[in-house]
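S.K.: Would you be able to build a 3D model of this:
(4 chains)
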Protein chains: 2
Amino acid sequence: MSAETTTRSGSRPRKRINDPEGMRKKVLDVAEESFQTRGYHASSLGDLMAAARVSGGALHHHFPTKKALALAVIDERVAAAVEETWIAPVLAAASAREGVRSVFEAVAAELERQGYVRGCPLNNLAHELSLADPDFRVALAGIFAAWRQAIAGKVMADQRGGREQGTDPLRFAALAIATYSGAMSMAKTAQDATVLRDCLAALPIATRPMA
Amino acid sequence: MSAETTTRSGSRPRKRINDPEGMRKKVLDVAEESFQTRGYHASSLGDLMAAARVSGGALHHHFPTKKALALAVIDERVAAAVEETWIAPVLAAASAREGVRSVFEAVAAELERQGYVRGCPLNNLAHELSLADPDFRVALAGIFAAWRQAIAGKVMADQRGGREQGTDPLRFAALAIATYSGAMSMAKTAQDATVLRDCLAALPIATRPMA
DNA sequence: GACAAAACAGGACAACCGGTCTGTTTATAA
DNA sequence: TTATAAACAGACCGGTTGTCCTGTTTTGTC
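M.R.: Numbering: from 1, shown residues only, chains lettered A, B, ... in the order given. Predicted coordinates for the structure are as follows:
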């Protein structure tokens, strides 16, 4: 993952040399923000350099190409966002159904608080980059797969507890992710998070008892 | 809609002058294809001109700006695609549930036949352009709204026939569209249409009786 | 302190972008 | 026929793009 920070000694990890405030992190922050709001192709490296207050040399040092920067955003930021807003809450919930329901409500509440909808970080990049480059596609597909597998695993844990006997874990996970992704897409286009609650209400997750 | 084809006489529509084989249509074909597969920002006008075998003057004559071209693609092609693959089949079906189910299966079968997944035309452009420009966003949101309204209207028609009494039409429509959109997003990223069938199976649409 | 390598700085560059401009052909209206 | 405007053709331009390249500074190691 962090091949560029290894030195010739190879074994022990390097202490931070320059970059006391995290220059690479600053670039990654700005890139993540811009890729999400403006998109990958619409974000120029000049804009990113200006926003992050970094020189071209510094940017090129940490990320040799624009593609490498996007790959880093996907691997380090988008995956973390899915983990934080979806996987961890679902695994921590009382059940898979309850976990999915609570995430829908939490995201809807957060969007209503923010007042605008930026969309799902994974889906935003997936739509623009999946067909653009195989490396992008593989990286994004891996996040989708991990997301789905985490939810399915939770369902299987429920089943070991005697619940969800009639549920197909992977299909349940696919439905949860697809509905969420699509609802976020509609919410982003309409700039209105209400559709998230509409979908949750129409889903059998909230209405049907957990048994 | 067709303001550029009106002449000073104003009243009666003009017969086609040049453009016997539809030069404007040819540009629109190429633009639709490229915007869908490569995206809006990744499609240069030079590429489109070369692919459509059209001069820069001709392109600029029909579409003064790149934005105008995209707006035309959205209004004339994306809306038509939603109408053709979704609205018309659902309205023609025996019921809203049956219509939704049949569209899922038809699209899944078509994707499996094609061997690759290009994604939902509406969602592809919605993700890239919704936040880029208000005009884009409004145009795309209108298509989403019409899509949703058509399905909801079918549910209401079912209800007038005594069916679907416990169903909220707009919520049902939102769920159908969101699940489809999200499933297409996952299918595009994975380049595998199987998830469409997984979502359909997990949805209560197919399993629950229509009453 | 000497040395090497990493971490930057900043300019240069060729390619390309979208849009404009002028000119020519073609079709309609009078 | 003649006037007029639409329908094209194709060159052109300023600005921007991503990348590369040459230095300079900083850091770690011996």
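
S.K.: Counting by contacts, list what the longest helix along chain A packs against.
M.R.: Secondary structure of chain A per DSSP state H: the longest helix is helix A:134-160. On a contact count with 3 or more CB pairs under 8 Å, 6 or more residues apart in numbering or on different chains; DSSP states H and E, helix A:134-160 meets helix A:66-72, helix A:79-82, helix A:88-92, helix A:96-114, helix A:121-129, helix A:169-190, helix B:169-190. Where C-beta positions appear, they are placed from N, C-alpha and C, glycine not excepted.

S.K.: Tell me which of those sits nearest to DNA strand C.
M.R.: In terms of CB to the nearest atom of the strand, the element of the helices and strands packed on helix A:134-160 nearest to DNA strand C is helix A:66-72, at 13.5 Å.

S.K.: ok, back up a step: what would the helices and strands packed on helix A:134-160 look like in TSV with mean pLDDT and mean neighbour count?
M.R.: Shown next, in TSV, are those (pLDDT from 0 to 100; neighbours: other CB atoms under 10 Å in any protein chain shown):
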stretch	mean pLDDT	mean neighbour count
helix A:66-72	98	19
helix A:79-82	98	17
helix A:88-92	98	16
helix A:96-114	97	18
helix A:121-129	98	26
helix A:169-190	98	27
helix B:169-190	98	27
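
S.K.: Tell me which of the ones you listed lies nearest to DNA strand D.
M.R.: Closest of those to DNA strand D is helix A:66-72, at 3.5 Å (criterion: CB to the nearest atom of the strand).

S.K.: any residue of the closest one up close to chain B?
M.R.: No. Taking CB under 8 Å from any CB of the partner chain as the criterion, helix A:66-72 and chain B are apart, separated by no less than 12.3 Å.

S.K.: any residue of that helix up close to DNA strand D?
M.R.: Yes. Helix A:66-72 comes into contact with DNA strand D (CB under 7 Å from any atom of the strand), by way of A:66-67.

S.K.: can I see the domain layout of chain A?
M.R.: Domains of chain A are assigned by automatic domain parsing as A:1-64, A:72-211.

S.K.: can you list those in JSON lines and add distance to B:Q36?
M.R.: Conversion of these to JSON lines gives the following (distance: least, CB to CB, whole Å):
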{"stretch": "domain A:1-64", "distance to B:Q36": "15"}
{"stretch": "domain A:72-211", "distance to B:Q36": "9"}
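
S.K.: Return the member of those having the minimum mean pLDDT.
M.R.: If the domains of chain A are sorted by mean pLDDT, domain A:1-64 sits at the bottom with a mean of 77.

S.K.: Which of the helices and strands packed on helix A:134-160 sits closest to B:H127?
M.R.: Ranking the helices and strands packed on helix A:134-160 by proximity to B:H127 (CB to CB) places helix A:121-129 first, at 4.0 Å.

S.K.: any idea how far the closest one is from the chain center?
M.R.: Here the centre of mass of C-alpha atoms in helix A:121-129, compared against the chain's by CA atoms, centre = their mean, to the nearest Å, lies 9 Å away.

S.K.: again with stretch A:164-177
M.R.: Distance, centroid of stretch A:164-177 to centroid of chain: 20 Å (CA atoms, centre = their mean).

S.K.: Only C-alpha atoms, please: export it in PDB.
M.R.: Below are the C-alpha coordinates for stretch A:164-177, written out as PDB (Å, rounded to 0.1, in the frame of the first residue of the first chain):
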ATOM      1  CA  GLU A 164     -33.300 -14.400   9.300                       C
ATOM      2  CA  GLN A 165     -33.800 -18.000   8.300                       C
ATOM      3  CA  GLY A 166     -35.600 -17.200   5.100                       C
ATOM      4  CA  THR A 167     -33.100 -14.600   4.000                       C
ATOM      5  CA  ASP A 168     -30.400 -14.900   1.300                       C
ATOM      6  CA  PRO A 169     -27.500 -13.000   2.800                       C
ATOM      7  CA  LEU A 170     -25.900 -11.900  -0.400                       C
ATOM      8  CA  ARG A 171     -29.200 -10.900  -2.000                       C
ATOM      9  CA  PHE A 172     -30.200  -9.000   1.100                       C
ATOM     10  CA  ALA A 173     -26.900  -7.100   1.000                       C
ATOM     11  CA  ALA A 174     -27.200  -6.400  -2.700                       C
ATOM     12  CA  LEU A 175     -30.700  -5.000  -2.200                       C
ATOM     13  CA  ALA A 176     -29.600  -2.700   0.700                       C
ATOM     14  CA  ILE A 177     -26.600  -1.400  -1.200                       C
END
